[in-house]
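Visitor: how does the following fold in three dimensions:
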Amino acid sequence: MPGIAVRTAGATAGQRRAAFHRWGPYGLLAIGILASIVSAALTGMTRTEEYVAAALVVAALALQLVWDRAARSRPVPSPAGAVYYFARWALAFLLSWLNPFFAFYAVTGYYDAGRLLRRRLVKAGLFATAVTMSGSQIGGMPPHGWVLWLGFVLVLGVNVGLLVVFSHLAAQDDEHARVQTATISELERTNTALQQALDENAALHAQLLVQAREAGVADERRRLAAEIHDTLAQGLTGIIAQLQVVAGTPDPAAAREHLDRAAALARHSLGEARRSVHNLAPVALDNDGLPEALRKTVAEWGERTGVRAGFTVTGTAEHLHEEVAATLLRIVQEALSNVSRHAHAPRVGVTLSFMGDEVLLDIRDDGRGFDPLAVPERTSSGGFGLDGMRARAERIAGSLTVESEPGHGTAVSARVPLVRHDR
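Guide: A predicted model of the protein is given here:
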């Protein structure tokens, strides 16, 4: 991960900086000692200066040892850190005065001013170090003559300018690192939130799949139950009615006619049952469109029940999608079954109207009527009745309304979208 890699690199760099701050002053002091010994003949140090330099080196080592022990329990930057910084600077300045090559030791002031000093003292500490470094770069302090003084001022100006430039670049790097760290932290928080959202979405998806599967199973059960009710139940009802007529008539010719009707109903119901299981269109729609299938259905029902039944088509007939046609046919079959069982109506009218982007189906009778509010959702015999017709219409984004009043007949109206047959 990018965040882990950056943190690892940062930890490694931090360890290297800590090691330098701990051992760097010793190493640079050692380099200054070796350089001063090699250059002693060139610099012309007296015996007294050599003794003073040795004493200052011992003081620098003691200062460093004391600070290493004290720094373990003191935060930086701190007042103690400022005392250590300027004391070390003073020792480096004096050593560089005696021998310019001790400026190697003074270099440490450039590296840890920001770590040891408070913000208001950083510039002063860096300037003091620049003075020491400039003195060594012109050959040692003090400058002799106005030319060396001029050179000292120029070299000091260059050192201060470089400090300003490098301090600005360091500030930009710090700001970039801070922004990068904040960005990485924000990305990590975003990734964590995204992972949580993905986990929640996965759980919700699994839950929705379970619910969809359960809803599909329940819908399929309702469909099969409604199909069985609309086909087998109604067919068996018609067969029973025909057989009852056969049992009550002494006329062989009439009995044969009703037996033929019962056999035809049985064959028709068997075909409907097979198609219901396979979710196919009703038998009546095998060879005919919806208007002709409804015409035959109404005529056969009227002939079977003795009720005067009429069928009318208004508008321009369309070849409807098989699901829409099957739904409307089933609604008519159920409505006619209800009329024969409950309405005792002498007349029934079925109207199929094509109205632009809708299809309206009306089944009206002049029977004894009923109170729609008093009808339970399921009939006592376990059938589907009005509730089943309404569910069928709603399944294809339609609606079904019932208007009835005791003694004034019943009107059932189904309104569904006009969806043409796929070609």
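Visitor: and stretch 408-420, which residues are buried?
Guide: Going by neighbour count (16 or more other C-beta atoms under 10 Å), the buried part of stretch 408-420 is Gly409, Thr410, Ala411, Val412, Ser413, Ala414, Arg415, Val416, Leu418, Val419. For the C-beta atoms, the positions are set from N, CA and C on the backbone; glycine is no exception.
Visitor: wait, doesn't Gly235 sit right on Ala264?
Guide: No. Using C-beta atoms under 8 Å, Gly235 makes no contact with Ala264, being 9.9 Å away.
Visitor: which one of those two is surrounded by more residues?
Guide: Neighbours were counted for Gly235 and for Ala264 using other C-beta atoms under 10 Å; Gly235 has more, 21 against 16.
Visitor: and that one, what does it touch?
Guide: Applying C-beta atoms under 8 Å, 6 or more residues apart in numbering to Gly235 gives the contacts Leu265, Ala266, His268, Ser269, Glu272.
Visitor: quick one: the residue lying closest to the fourth one once chain neighbours are set aside from Gly306, how far?
Guide: Among residues not flanking Ser269 along the chain, Gly235 sits closest, at 2.9 Å (C-beta to C-beta, 6 or more residues apart in numbering). Here the criterion is C-beta to C-beta, to the nearest Å. By it, Gly235 lies 18 Å from Gly306.
Visitor: likewise for Ala90?
Guide: Applying C-beta to C-beta, the value for Ala90 to Gly306 is 128 Å.
Visitor: so where's the stretch 201-350 of the chain shaky on pLDDT?
Guide: The stretch 201-350 of the chain contains residues with pLDDT under 70 at 205-206, 208-234, 270-284.
Visitor: ok, which stretches of it are helices?
Guide: 234-248, 252-277, 290-305, 322-338 (DSSP state H, counting those that start in this stretch).
Visitor: which of the ones you listed sits most buried?
Guide: Comparing the helices of the stretch 201-350 of the chain by mean neighbour count (mean count of other C-beta atoms under 10 Å), helix 322-338 comes out on top with a mean of 22.
Visitor: where do the strands of the stretch 301-423 of the chain begin and end?
Guide: Taking DSSP state E, counting those that start in this stretch as the criterion, the stretch 301-423 of the chain carries its strands at 308-314, 347-355, 358-365, 399-404, 410-417.
Visitor: Asn191 is nearest to which of these?
Guide: Asn191 sits nearest to strand 410-417 of all those, at 46.2 Å, using C-beta to C-beta.
Visitor: now Glu405: closest residue in space, sequence neighbours ignored.
Guide: Using C-beta to C-beta, 6+ apart, the closest residue to Glu405 is Gly369 (5.1 Å).
Visitor: do you know the pLDDT at the one you found?
Guide: Here the pLDDT value assigned to Gly369 is 90.
Visitor: ramachandran angles for it?
Guide: The phi/psi pair for Gly369 (degrees, to the nearest 10) reads phi 70, psi -180.
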